[in-house]
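>>> What follows is a protein structure lacking sequence information:
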Ligand code: TYD
C-alpha cells in the first residue's frame, strides 16, 4: 500500500450542473481524506500546461475551451485527496474517459455526455498515475494550500504584495 495524493477537478460542466455535492459524496465513499480545495478560474496558460500531453490531439483546442469554461461557467473546483492507493480508488469511482463507455454507476457514467462536436464532457478530472498526480498537484496548488503534503517542500523568502479587505 502506498500513500498517495491525487488531484480531482470538478470541471465547468459539473459546476454549471451544480454537481459538486453529488461528486464529493461519491468521492467520500473511497474513504480518502480531503487535504485541499479551491475554486479556480482557469487561465489559458494553466489549461494548456495541465493538458500539455494532449497538445497534438485534434480535440485539444476544444478541450482547452471546455476546461476554461467557454461552454459553461468559468470555474472549476480543484480538490486533493490523500490515502492508500488514492489514484486508483478515485479513478475507479470517476469511471472511464468516454462517458458513453464509463460504468453507468460511475461519476462520468451518471453525469457525463459527449457533445455533438465530439468533446467528452465528463464532469471530472482525476490524475492518472503518480508522476502525473505530483505534476498536477504542484501545478494547481501551493504547499501552504494543502493541510498535508507528501512531496518535499522548502521555504524561500519572497517580497510580495498581499490583498486585504479595505478598512
Ligand atoms: P485523457 O487524459 O486521455 O483522459 P482522462 O481525463 O480520463 O485522464 O483526456 C483528457 C480529457 O480530454 C478527457 O477527460 C476528455 C478529453 N477527451 C476528449 O474530449 N476526446 C477524446 O477522444 C479523449 C481521449 C479525451
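That came through fine. This structure is a prediction, so every number in the text was calculated from the model and none was measured. Numbering: from 1, shown residues only.
>>> for the chain, what's the longest helix?
helix 130-140 (DSSP state H).
>>> is that one up against the ligand anywhere?
No - Helix 130-140 is not in contact with the ligand by C-beta under 6 Å from any ligand atom; minimum separation 8.3 Å. For the C-beta atoms, the positions are set from N, CA and C on the backbone; glycine is no exception.
>>> in that helix, what's buried?
By 16 or more other C-beta atoms under 10 Å, the buried positions in helix 130-140 come out as 133-137, 140.
>>> next one: stretch 24-33
26-27, 30, 32.
>>> Which ones, among these, also lie beside the ligand?
When C-beta under 6 Å from any ligand atom is applied, no member of the buried residues of stretch 24-33 is adjacent to the ligand.
>>> So which of those residues belong to helices?
Counting by DSSP H, the buried residues of stretch 24-33 contribute 26-27 to helices.
>>> ok, back up a step: need the buried residues of helix 130-140 in a markdown table (columns: pLDDT).
As requested, these are exported to a markdown table (pLDDT from 0 to 100):
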| residue | pLDDT |
| --- | --- |
| 133 | 98 |
| 134 | 98 |
| 135 | 98 |
| 136 | 98 |
| 137 | 98 |
| 140 | 98 |
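>>> quick check, nearest of these to residue 53?
Residue 53 lies nearest to residue 135 out of these, by C-beta to C-beta, at 9.7 Å.
>>> From residue 59, how far off is the closest one?
For residue 135, the distance to residue 59 equals 21 Å [C-beta to C-beta, to the nearest Å].
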